[in-house]
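Peer 1: predicted coordinates and the sequence they were generated for:
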Amino acid sequence: MDFSLNEMQAMLVDSIEKFVANDYDFETRQTYAGSEQGFSPEVWKTFAELGWTAIPFSEEDGGIGGTPLDLMVVMQQFGRGLVVEPYLANIILAGGVLRRAASDEQKESWLQPIIAGERQAALAFVEPQSRYDIADVALTATADGDHWVLNGKKGVVLNGGNADLLVVSARTAGDQTDAGGITLFAVAADADGITRKSYPTVDGHQAAEIEFKDVKVDGDALLGEIGQGLTVLDAVMGDAVLAVCAEAVGIMQVMTEKTIEYTKDRVQFGVPISSFQALQHRMVDMFTDCELSYSLLLWATMLASEGDEKADRAISSIKYQIGEIGRKVGQEAVQLHGGMGVSWELDIAHYFKRLTAIDQMFGNADWHLDKLAC
Amino acid sequence: MDFSLNEMQAMLVDSIEKFVANDYDFETRQTYAGSEQGFSPEVWKTFAELGWTAIPFSEEDGGIGGTPLDLMVVMQQFGRGLVVEPYLANIILAGGVLRRAASDEQKESWLQPIIAGERQAALAFVEPQSRYDIADVALTATADGDHWVLNGKKGVVLNGGNADLLVVSARTAGDQTDAGGITLFAVAADADGITRKSYPTVDGHQAAEIEFKDVKVDGDALLGEIGQGLTVLDAVMGDAVLAVCAEAVGIMQVMTEKTIEYTKDRVQFGVPISSFQALQHRMVDMFTDCELSYSLLLWATMLASEGDEKADRAISSIKYQIGEIGRKVGQEAVQLHGGMGVSWELDIAHYFKRLTAIDQMFGNADWHLDKLAC
Amino acid sequence: MDVTFSDKDIEFREEVRAFFRDKLPQDIAAKQIRGEPLEKDDFIRFQKLLFEHGWGGYNWPVEFGGTGWSAVQKYIFETEMAAANAPGIIAFGLKMVGPVIYTFGNDEQKQRFLPDILEGNVWWCQGYSEPGSGSDLASLRTRAELVGDHYIVNGTKSWTTLGQYADWIFILARTNTDVARRQEGISFLLADMSTPGITVTPVITIEGEHEVNEVHFEDVKVPAENLVGEEGKGWTYGKVLLQHERTNLAGVGRSKHRLRNLQAQTGRAVRGARPLAEDHSFMRKVAAVAVELKALEYTELRTLAAVAAGNAPGPESSILKFRGTEVEQAIDTLFLEAAGYYALPYVPEQFTLEFPEEDRVGEGPEARSSLQYFNNRKASIYGGSNEIQKNIVAKHVLGL
Amino acid sequence: MDVTFSDKDIEFREEVRAFFRDKLPQDIAAKQIRGEPLEKDDFIRFQKLLFEHGWGGYNWPVEFGGTGWSAVQKYIFETEMAAANAPGIIAFGLKMVGPVIYTFGNDEQKQRFLPDILEGNVWWCQGYSEPGSGSDLASLRTRAELVGDHYIVNGTKSWTTLGQYADWIFILARTNTDVARRQEGISFLLADMSTPGITVTPVITIEGEHEVNEVHFEDVKVPAENLVGEEGKGWTYGKVLLQHERTNLAGVGRSKHRLRNLQAQTGRAVRGARPLAEDHSFMRKVAAVAVELKALEYTELRTLAAVAAGNAPGPESSILKFRGTEVEQAIDTLFLEAAGYYALPYVPEQFTLEFPEEDRVGEGPEARSSLQYFNNRKASIYGGSNEIQKNIVAKHVLGL
């Protein structure tokens, strides 16, 4: 048993830490987050050059065959740096579907440019009514000779406004919430009939509402088998949960460290407020929650990477934990920062918003605890 | 709006306080609780003489027509005094059924002796499998000419071992958990075919497992209408919830007061432990929880006494609150007493056990929150 | 013991309810429902409306132009106000500086300042906290030196809510440093915001809105006649002010209104999806908060009844502040959770009435849930943080 | 990074598992399953069994007769021990005084005391806490005065678990009052319980059982040769002891075993009632505790891995103590809730094997749930209360 980082992981941590320290201070991050795209295309290019965008993909696909644990350390560092570049949308979500379901030709057209940082992609799987049920798909794809015609709406598509490629879940058979009959398509974002309404999200990222009106796509837009999309989506949701949970652990650690530092500096009643026992015990709980969450993340990531039969439960466990504990740690960090904790100018507020956003994605704490209770 | 006690209530508080102060110190209480019956027959006689056993009954029934709020202040004081005499079993449970469902003859035979403190009674409504579902009644009553024949088991019958009278819920029609088809009977505890196994409970009270084997009772044992027992039981459960919740509020208040006193006296590291801020904030939460619980109790008792349509929800609300908050306050009181909190010799442990037992009765916090969520 | 409202109170409630139903400007109610932040003018229109009806000083004694209502009536008024989607009262004048002026000010000050507060002519703001003095307010460093017939004020006040609207500011400033206790030597001053040397800097809060400010004083000349009461007694007056602020601290009326909205929202089904009301786990949390709120409501009513019986609200009313804000924040969290992915969009402009309905992202009130959630983390921090409230209860109620 | 056990570890686990399966006396396992408290002899038989197998000192270095196992092996051993319904290890000798003696004792003491601990010949008990010295252990008042070649000991030790069984006691006593820090001047002494002047008084705990005691010392003559290490250094030795005790503090193995039992119990239907497993609200709580326990388990494994890599378990292992006991108590609560009304009967004698099965009140393991729940409130109090653990982490880990 060995919980230390291997050479490659240590190198990844080191290089991301250096990148954040040198090129990604909080003000810079805010500039990128506040830009129209919501991230920095140059920084994204750097990520590609450094090979970070290639991590989860196999060598045949042009990747470097990294493990889920490698991804975990990357996301944890991105969390610490509060990185807004669309790694989740491109690499984990859209990339996750493509590497599992795309044909060689589709990979060449779409996956390689994504890995190279030349194209942006998004996974359109949420609908206005679907909440966390990825099988609730009302958007339809109807076969029309060699073509498919898509009609419907997708909501809160992360990176949707920037995307050149939209990976879309569509219903090709069955009722609105049937598990079968869901099919995935790779659709160029500039296809006729697509209307995108792009907007920033509360955590400094970017998303879009997307309407499909008689959008006609070729047969080669079909990703994987007809009606079998949910299996692929399920697997990608697992990746996504692990990724955002690793990010959240990074965020929680930073928030805890910053809170401890802040209370040591902040003097009230003639003493640093870190000397108040009631606050000390609360910070001990924050620290403890971070440690336990990191432990659980390791367990879940490892089970998932081994394809263990308990992986689904492990994924729900960590998402539940992060939702529950993330809220607690985030709220405590803000509270102990007092007025500064609710100031836009301080980074702590933005860590808090990202942490909060993470609970809202891919099933919140309640959703996953319900799964575990069955 | 006026939350102060009226004259009768103030008098009740005063007389119970005096009784506890003069005749019911903790050691005396322990002696009574440790006796075979689990209470003091003399004390019970005093209760009757003082008219406390007559409170909820109408004047025609030989009572004094007290209100639910009158009962509330009585139970709260019994809570403060950690009184083990079987007021709940006799007056609220068995008495509650009799005053609602008994005929004049039955009242004369059974209710008046109970009010006079001459007979002991118990309500046998729990079965080994029923948990908190009072409609889960497997014990059967079969008509046999003028008679009924009872067969089945009742469990954890409070005061069951002491009782002269058993008020029994039995199934006369329908399936095991049907709401209809439940009938109530007044059965002499020494009837042929009844086997009682009596035992103390963790909170110093007394209960029994009771088996009915071909127990033959006359037609005049029937309480109220055939098959309509659940309505009566439901109403009695409401009374019981309010009664134990009032008792619990009294207990929580005492535990909080005693904890504050203890921490002021207990010196560690050269100072009273009451000076540690982490403990102070926890005691503030205990105090606050007591205040809020008392407020909610007032609301629920008032709604119930007005027969408000929201009374059912109010009753579930207060039982949920007391279960949840009682556990928290009780655990904190024990924790802040340190080793003394888990010592048999100190009263705090016994308050804690009674408070814990109250959550286990008439539906625990979860059970009632489930009801409220529907 | 009687926990019901008297017939007179119920009659009063009907009157208040009818007033809001008939008189509240529709556009203001619409903004509130939509989640559009109110503008200065909305608040002022509302105050003038109340004033015209004779309710401008709903919480003031009759002799200063108030209604002289009982604590219970004030409670009913505030509850109905929230239920009607009316704006809140502008607290700075009516609940904060006003009571200090009519209690400790001289006749000239009363005549000069009180009517404009009642009529909504003058907008006040608060100058208490400083960047280095939050919970430990007595450590404030703003100085006021008496030079001739003026105080020369220097320092910085922070977290000044809606200071950008204000005509006047009331401040606590140190007029004497040579004191035994830090609470001494602090004075209560009133300053015209247009006085040279006062500058207001916006502070953007976590959700991106401009609600609070820093107010800087650089050699600001405040006429000596603007001192309220005695020099050096400002701390005492400030504490009385906090006492007044403590009515309706629990925010029960608003929380009840919001919880009803949430419950209505959970019943709504969108595009064939199951309504949230069928999510038992979520509804358990809603039910639990409703119980907490009911307990809080009756605790507040108990306090009101005590006030009505002639007792001052004691330090135990601190529990209303910290539990009230906890419940508020619990409701914020429920709205956030109800929104799911639609808590993410950050499109504040879409809450204005002009914004086309069909272009909105997310349906119903949940669209603003995350902004409310983030912004309202302040509730447990301001007005004496919840930690400070617990210290107060520990010391003054429990005697620890 | 590798969070799996090595093949060697898995082989070891199979060996341990087989050993318990084949060798654990059936009557002891039966008592554990039924909930009957173990007697002194049960513990001793178990220790002798381990000793015969060469595992008597499962947590000791080879040179003192131990196994020399790695931290991971010890963890596996403890987990399997719990899963097999084996008794716990008698900690007082093996985990407490033993390590102090082999680390700080002289050769004579090692030869005299260690073998009897391994063989289970001598039962030790602990003399740390005093009625006035709980969390603040350094305030202890038991005195030991050197008179000739004996220490004369006077004082009272409290919360002495299973002291009624003990042959020997190890105590911290003050040998010097003229010290700069209260932690100085305390010595670590070993005393034969049969020495005149030692009396043991039972203390009944909340659930009604006799588990702990007060031990009184009245002019007790303890030979000077029973001083461990240097006079006045007892505090340091005592801290090392606590460090040792900190392995398996989280009680993960036992908690996992109990949670499995609970899950099995929820599947059981009684007399046609629905099994508890269909109670979604209850099962959510079970699931939440299972997540917490898993997080704790991997935190413990991380600590073990650090130890294996040559790092001492630092003060951060305090979190294992307070969170571990919180999880234990959460499991206690679940059992209690699962029992419903059947948590009420207080019939301790029914858990003995002789008690007729058909006369038992309540079915299955839940019958003991409330006794366990009440008794185990101690878990967050003893061994350094959870508050003290938080103080340690605040100071030594977070630097507050």
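Peer 2: Thanks, I have the structure now.
Peer 1: what about residue C:344, neighbour count?
Peer 2: Burial measure for residue C:344: 26 neighbouring residues, criterion other Cβ atoms under 10 Å in any protein chain shown. No exception for glycine: its C-beta is placed from N, CA and C like everyone else's.
Peer 1: mind checking pLDDT for it?
Peer 2: pLDDT, residue C:344: 96.
Peer 1: buried sites along stretch A:64-73?
Peer 2: A:64, A:66, A:67, A:68, A:69, A:70, A:71, A:72, A:73 (16 or more other Cβ atoms under 10 Å in any protein chain shown).
Peer 1: hmm, who's touching it?
Peer 2: Under the contact criterion Cβ atoms under 8 Å, 6 or more residues apart in numbering or on different chains, stretch A:64-73 has outside partners A:5, A:8-9, A:12-13, A:51, A:54-59, A:92, A:239, A:242-243, A:246, A:297-298, A:301-302, A:304-305, D:1.
Peer 1: so what's the gap between that stretch and the chain middle?
Peer 2: 15 Å (Cα atoms, centre = their mean, to the nearest Å).
Peer 1: for that stretch, list the C-alpha coordinates in PDB.
Peer 2: Output of stretch A:64-73 as PDB, limited to C-alpha atoms (Å, rounded to 0.1, in the frame of the first residue of the first chain):
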ATOM      1  CA  ILE A  64      -0.600   9.600 -23.200                       C
ATOM      2  CA  GLY A  65      -2.700   6.900 -21.500                       C
ATOM      3  CA  GLY A  66      -2.900   8.500 -18.000                       C
ATOM      4  CA  THR A  67      -4.800   6.800 -15.200                       C
ATOM      5  CA  PRO A  68      -7.700   8.100 -13.300                       C
ATOM      6  CA  LEU A  69      -5.300   8.800 -10.500                       C
ATOM      7  CA  ASP A  70      -3.200  11.000 -12.800                       C
ATOM      8  CA  LEU A  71      -6.300  12.900 -13.700                       C
ATOM      9  CA  MET A  72      -7.200  13.200 -10.000                       C
ATOM     10  CA  VAL A  73      -4.000  15.000  -9.200                       C
END
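Peer 1: so which elements touch the top helix by length along chain A?
Peer 2: Taking DSSP state H as the criterion, chain A has its longest helix at helix A:229-265. The elements that helix A:229-265 packs onto, with contact taken as 3 or more Cβ pairs under 8 Å, 6 or more residues apart in numbering or on different chains; DSSP states H and E, are helix A:68-81, helix A:95-101, strand A:165-171, strand A:182-188, strand A:271-272, helix A:277-305, helix A:311-336, helix A:347-360.
Peer 1: of these, flag the one that's most buried.
Peer 2: Most buried of the helices and strands packed on helix A:229-265 by mean neighbour count (mean count of other Cβ atoms under 10 Å in any protein chain shown) is strand A:165-171; its value is a mean of 27.
Peer 1: mean confidence for it?
Peer 2: 98.
Peer 1: what does stretch C:258-269 give?
Peer 2: Across stretch C:258-269, pLDDT averages out at 90.
Peer 1: how about that stretch and chain B, touching?
Peer 2: No: if you take Cβ under 8 Å from any Cβ of the partner chain as the test, stretch C:258-269 misses chain B, and the best it gets is 10.8 Å.
Peer 1: for that stretch, which outside residues touch it?
Peer 2: C:275-277, C:279, C:282-283, C:286, C:289-290, C:293, C:331, C:334-335, C:338, C:364-366.
Peer 1: farthest out from the centre of the chain, which residue is that? Tell me.
Peer 2: Here I'm looking at chain A. Going by Cα atoms, centre = their mean, the residue of chain A most distant from its centre is residue A:270, 43.5 Å out.
Peer 1: chain C was what I was after
Peer 2: residue C:272 (40.4 Å).
Peer 1: for residue C:340, see how far away that one is.
Peer 2: Going from residue C:272 to residue C:340 by Cβ to Cβ, to the nearest Å gives 16 Å.
Peer 1: closest residue of the stretch 51-200 of chain A to chain B?
Peer 2: Nearest to chain B, among the residues of the stretch 51-200 of chain A, is residue A:131, at 18.2 Å (Cβ to the nearest Cβ).
Peer 1: endpoints of stretch A:110-126, how far apart?
Peer 2: With Cα to Cα, to the nearest Å as the measure, stretch A:110-126 spans 21 Å from end to end.
Peer 1: what pLDDT does residue 65 get?
Peer 2: I'll assume chain A. Note on residue A:65: pLDDT of 95.
Peer 1: chain C is the one I meant
Peer 2: Note on residue C:65: pLDDT of 96.
Peer 1: how many other residues sit next to the residue nearest to residue A:159 when sequence neighbours are not counted?
Peer 2: Leaving aside its chain neighbours, residue A:159 sits nearest to residue A:89 (3.4 Å; criterion: Cβ to Cβ, 6 or more residues apart in numbering or on different chains). Neighbour count of residue A:89, defined by other Cβ under 10 Å: 25.
Peer 1: contacts only, for residue A:89.
Peer 2: A:120, A:121, A:122, A:123, A:158, A:159, A:163.
Peer 1: surely residue C:94 and residue C:57 touch.
Peer 2: Yes: using Cβ atoms under 8 Å, residue C:94 is in contact with residue C:57, at 6.9 Å.
Peer 1: overlap of the contact sets of the two?
Peer 2: Listed as contacting both residue C:94 and residue C:57 by Cβ under 8 Å, 6+ apart are C:117, C:118.
Peer 1: what sits against residue 186?
Peer 2: You didn't say which chain, so I picked chain A. Counting by Cβ under 8 Å, 6+ apart, residue A:186 makes contact with A:98, A:102, A:106, A:109, A:110, A:165, A:166, A:167, A:168, A:221, A:223.
Peer 1: try again with chain C
Peer 2: C:138, C:140, C:172, C:173, C:174, C:175, C:232, C:234, C:235, C:238.
Peer 1: most neighbours among these, which one is it?
Peer 2: In terms of neighbour count, residue C:234 stands highest of these at 29 neighbours, by other Cβ under 10 Å.
Peer 1: distance of it from chain B?
Peer 2: 28 Å (Cβ to the nearest Cβ, to the nearest Å).
Peer 1: ok so, going back, measure the residue farthest from the centre of chain A to residue C:139 for me?
Peer 2: Separation of residue A:270 from residue C:139 (Cβ to Cβ) stands at 8 Å.
Peer 1: coming back round to it: quick check, nearest of the buried residues of stretch A:64-73 to chain D?
Peer 2: Distances from chain D to the buried residues of stretch A:64-73, taken by Cβ to the nearest Cβ, are shortest for residue A:69, at 5.2 Å.
Peer 1: okay, that closest one: pLDDT?
Peer 2: For residue A:69, the pLDDT comes out at 94.
Peer 1: just the pLDDT for residue 40.
Peer 2: Defaulting to chain A. Predicted confidence (pLDDT) for residue A:40: 98.
Peer 1: switch to chain C, that's the one I care about
Peer 2: On the pLDDT scale, residue C:40 is placed at 95.
Peer 1: which residue, other than its chain neighbours, is closest to it?
Peer 2: Per Cβ to Cβ, 6+ apart, closest to residue C:40 is residue C:165, 4.5 Å.
Peer 1: okay, now that neighbour: neighbour count?
Peer 2: Neighbour count of residue C:165, defined by other Cβ under 10 Å: 19.
Peer 1: do I have it right that it meets residue C:41?
Peer 2: No: under the criterion of Cβ under 8 Å, residue C:165 makes no contact with residue C:41, lying 9.6 Å away.
Peer 1: next up, the contacts around residue 282.
Peer 2: No chain in the question, so chain A it is. A:332, A:336.
Peer 1: right idea, wrong chain: chain C
Peer 2: So residue C:282 contacts A:366, C:266, C:276, C:334, C:337, C:338 (Cβ under 8 Å, 6+ apart).
Peer 1: what's the most distant pair in the residues you listed?
Peer 2: Farthest apart among those by Cβ to Cβ are A:366 and C:266. That separation is 13.4 Å.
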